[in-house]
Structures are given as structure tokens and as C-alpha cells.
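Asker: The following comprises the amino acid sequence and a computationally predicted model.
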Amino acid sequence: MSVKALVKSLIPTPLMKRLSAARTASRFEATLSDWDKATARVVQRDVQRPVRRVLVVPSDTETLIGALGDDAMISAIGSMCRSVSPTVEIVIVIQGAAAAATARSRGLVPLDIWGAPDFMGEIVKILNAGDIDAAFALGADVMDGYYSPIVPARIAAVMDLACRCGIPATILGFSFNNAPHPGLSEAFDRMHSDVQVCLRDEISLERFRRFSSHPARLVADSAFMLVPSEPAQAEADWIAARRAAGDRVIGVNLHPMLIRNATPEQVNEIVRVGAEALLAVAAKRPVSWFLLPHDYRGELGDARCLEPIRNAISGRLGERVRYLEGMHLAADLKGLAGILDGIVTGRMHLAIGSLGQGTPTVSVTYQDKFEGLYRHFGLPDWMLLSPQRYLTPGSFEAALTRFVDEIDQVTAIVESRAGAVKDLSRDNFSSIL
């Protein structure tokens, strides 16, 4: 055990929480103070059209695309910007060598300043240099402070400073839970009124408007603009073979983050419930299961649940179950979603990729994030399962059975709304279109 871990083990948990909260409050106040100082240093200028360089602030500066939802949103920014200006250079704020390498591999220019002692000062230098023509931030699911209030406060500051320089700035469509960090109200309210704040569903928009006086508007998630890849031949062949055998082919994605800070016992319960339901439905309906990891972050990743589910059911189902091996991009998963009959997922951006392809999706929800997404499509409530309902004996099996039985009806609903939702997603990029 390290000295740091030993010290933490000796401090009572309530005291540790108070100390952590005090450190966060101190850092938050320092962020607001640095923001005030930086405001006095901005230089206003004119921007170019079409855009030459775009500044992007991601929601995760250290892994960049550890979660494929982040990959989907960053890729969508790239494709939208290049559709307007094919030679545009996209500069992305990151922290660390690993994120820099990832950025370069995606054709992005890394700006390793997130961990700089004078982060705000570095941002002002970039904005004042005169060659940034638009700024975007990935609001994703961080803007309510669920993980930390520091990241959303910094995002708000960067977008504010950009606008004060005369640079169009947009916080791309994000979700907003029902218990935001209280201090963030001040951060949002102090932003320049021209910062475009986009909420990705009606429920989040309503919550944000109750919380902040800053103008905000409704969009759909920017990841709806992600261009799907062509599915790999081996996967397409398996899906075609299972259909030829008379089966519906349903993608399945479950993960340990369905329960916050899940214990090993709770993860095992997620696995047990999932495996038993897949076996039970396969015993009474013509269905094959395609297990689809959508997050590769070790203990937080989907393999922690999906691999043991695969091990538990493959012996009995044989060719009726397949596991997507390896690591894949969000565009790859979206391409696969387009040739499946349906998907069951606990990852919102897999649901977005699936629904954007016209493929119906049942979601196991968390963080109040899915309800607004489903409202965009007018989908029925039974297609959303809370973690508690998922763990209730028989509930997951019943939902899967109903999904298989009603898949044609819900497919028609999704297909009828997909075009309008994509139009709302395109609205994220109105500053450059």
C-alpha cells in the first residue's frame, strides 16, 4: 500500500468527504478568479469565413475518446467543419502525451494546456492570436457538475472568452440532470450572452432554464451527425446468416456504470440478470444476440459485464450469440447498428447511433439522461428501464420479450422521426453553417 493510500485509509470517510469538498470549492473559486483576470486581457477581432481553424474543448481532456460517445461527438465536429471548409484545422485542448497521440491519430492538432498552471492565460493567448474562427465545447454529460464542477466552469470560461474576442462559441448539446452543482449557476450566468448554449433534449432544457438565466435552446445530440462506417464483412455475414435462419438479431450492451460506484457483487448481479434474461427470451422467441462493447475503459468498460455474459450463454446458444471482439470506433458501432433489428443498451451514445440509423433501441438508463432522448422520437416509456427495474426479478426478461414482439411497430416510430431529429442535431453547428 502506498503512503497516500495508507493515509487515506486512516482518515474516517465523513472527514475525507469534507476535505474533498473543501478542495473542490477552493479550486472552483480559483477558476472564477482566473476567469475574471483573463477577461481583461481579451482582444476583439473579426473572424474569417469559411473557417480556417476551430478550437474544441472536449469533455474528457485526458483520454479524449475513452468513451465512444466522446469519439462520436468529436468525429461529428470534424465531419461538420470539413463539410463547410475541407481544409479546416481543428485544434483540441488536451492534457498529457496519451491524449496528444490520440488527437494526432484522428487528424486533430493537440493543445496540451488543460493542466497548465495558468490555463486561462494560455487560452487567452490562443484566442488573441487571430486565427481561431469558431469555438466548440463538448458539453456531453459534464455540464451539471455530476463528476466535478471544475470542468463545466472551465468550459463556460473558455466559451465566454472566445465570444468576448468576437469568436462564435457554442457549447454543443448536453444533458442536464435534476441536481446540478449549485455553484455552476454563477458560472453560467456570467457567460457572454452570445455564447450559444445547446441542450440535447427538452427535459434538460427545462432544467437548465430553471437553473440559469443564460439563454439556451433545444437541439439533438451532435453525435447524430456522425457518419457511420461500412460494417465489417464478417459481422455482416453473421447477421445475414442469423436472419436467414429466421432470427431477429438484437445488439446487447450492458456495463458496470449502471450502478454508480458498483461493488463487485453488484456487477455480478448485473451480469446474472442479463445472462438469465437473454437465455430465457432465446428459449421462447427466434432471436440471436450480438454483444456490443461501447466503452473500453478497463474496470469501467463494457467487457466487464459482456464477457461474463457471453461465457454464461454461449454454451447453450451456440451460433445464436456473438461478441464483438477488439476495439472499435463509434462510427463502426453506428454502422453495425444500422444492420441490426434492434439494440438494448446502457450507453446513451450507442442508443444515439442506433436511433440515428433508424434502429429501435431499449435502454437501461442512468443519470436522468435517456428520457429526453426518447422524447425526441416519441418512443413509449416501457422502452426505458431504470437500473432498479432492470434488477427487479422478471422485468428485464419481460421488456426484452416485448421488444422482440413489437419491434416492427417501434421501428416505424423511429424511422418516422429520425429525419427531424437529425435536423435538430445539425442546429448545433449553426455558427459555421
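Answerer: Everything's here; your move.
Asker: Could you count how many residues lie near the nearest residue to Ala76 once chain neighbours are set aside?
Answerer: Of all residues not flanking Ala76 in the chain, Met225 sits nearest, at 4.2 Å (C-beta to C-beta, 6 or more residues apart in numbering). Bear in mind the C-beta positions are built from the backbone N, C-alpha and C, glycine included. Using other C-beta atoms under 10 Å, Met225 has 21 neighbouring residues.
Asker: residues contacting Met225?
Answerer: Met225 makes contacts with Ala76, Ser79, Met80, Lys422, Ser425, Arg426, Asn428, Phe429, as judged by C-beta atoms under 8 Å, 6 or more residues apart in numbering.
Asker: looking at this, the fifth one is in a helix?
Answerer: The one in question is Ser425. Yes. Counting by DSSP: H, G, I helix; E, B strand; the rest coil, Ser425 is found in a helix.
Asker: ok, now which ones touch the residue nearest the centre of the chain?
Answerer: Nearest residue to the geometric centre of the chain (C-alpha atoms, centre = their mean): Gly69, 3.7 Å. By C-beta under 8 Å, 6+ apart, the residues touching Gly69 are Ala140, Ala223, His294, Ala330, Arg347, Met348, His349, Ile352.
Asker: Could I get the phi/psi values of the residue nearest to Ala76?
Answerer: Here is the backbone geometry of Met225 (degrees, to the nearest 10): phi -90, psi 0.
Asker: Just the pLDDT at it, thanks.
Answerer: If you check Met225, the pLDDT there is 97.
Asker: cool, Ile352 as well?
Answerer: What the model reports as pLDDT for Ile352 is 96.
Asker: wait, is it part of a helix?
Answerer: Yes. Judged by three-state DSSP, Ile352 forms part of a helix.
Asker: burial of it, as a residue count?
Answerer: If you count neighbours by other C-beta under 10 Å, Ile352 ends up with 29.
Asker: got a list of what it touches?
Answerer: Contacts of Ile352 by C-beta under 8 Å, 6+ apart are Gly69, Ala72, Asp221, Ala223, Phe224, Leu373.
Asker: looking at it, the last one is touching Ala351, isn't it?
Answerer: Yes. Between Leu373 and Ala351 there is a contact under C-beta atoms under 8 Å: 6.5 Å.
Asker: List the buried residues for stretch 95-110?
Answerer: The neighbour-count check on stretch 95-110 (16 or more other C-beta atoms under 10 Å) flags Gln95, Gly96, Ala99, Ala100, Thr102, Ala103, Arg106, Leu108, Val109, Pro110 as buried.
Asker: same deal with stretch 79-88?
Answerer: Using 16+ other C-beta under 10 Å as the test for burial, stretch 79-88 gives Met80, Cys81, Ser85, Val88.
Asker: tell me the mean pLDDT for that stretch?
Answerer: 96.
Asker: CA-only coordinates of stretch 225-241 in PDB, if you can.
Answerer: Output in PDB follows, covering the C-alpha atoms of stretch 225-241 (Å, rounded to 0.1, in the frame of the first residue of the first chain):
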ATOM      1  CA  MET A 225     -24.200  13.800 -37.300                       C
ATOM      2  CA  LEU A 226     -21.600  11.100 -37.000                       C
ATOM      3  CA  VAL A 227     -21.100   9.400 -40.400                       C
ATOM      4  CA  PRO A 228     -21.300   5.600 -39.900                       C
ATOM      5  CA  SER A 229     -18.600   3.200 -41.200                       C
ATOM      6  CA  GLU A 230     -19.400   0.300 -43.500                       C
ATOM      7  CA  PRO A 231     -19.900  -2.800 -41.300                       C
ATOM      8  CA  ALA A 232     -17.100  -5.400 -41.300                       C
ATOM      9  CA  GLN A 233     -17.800  -8.200 -43.700                       C
ATOM     10  CA  ALA A 234     -17.500 -10.900 -41.000                       C
ATOM     11  CA  GLU A 235     -20.100  -9.200 -38.800                       C
ATOM     12  CA  ALA A 236     -22.400  -8.500 -41.700                       C
ATOM     13  CA  ASP A 237     -22.200 -12.100 -42.800                       C
ATOM     14  CA  TRP A 238     -23.100 -13.400 -39.300                       C
ATOM     15  CA  ILE A 239     -26.100 -11.100 -39.100                       C
ATOM     16  CA  ALA A 240     -27.300 -12.200 -42.500                       C
ATOM     17  CA  ALA A 241     -26.900 -15.900 -41.600                       C
END
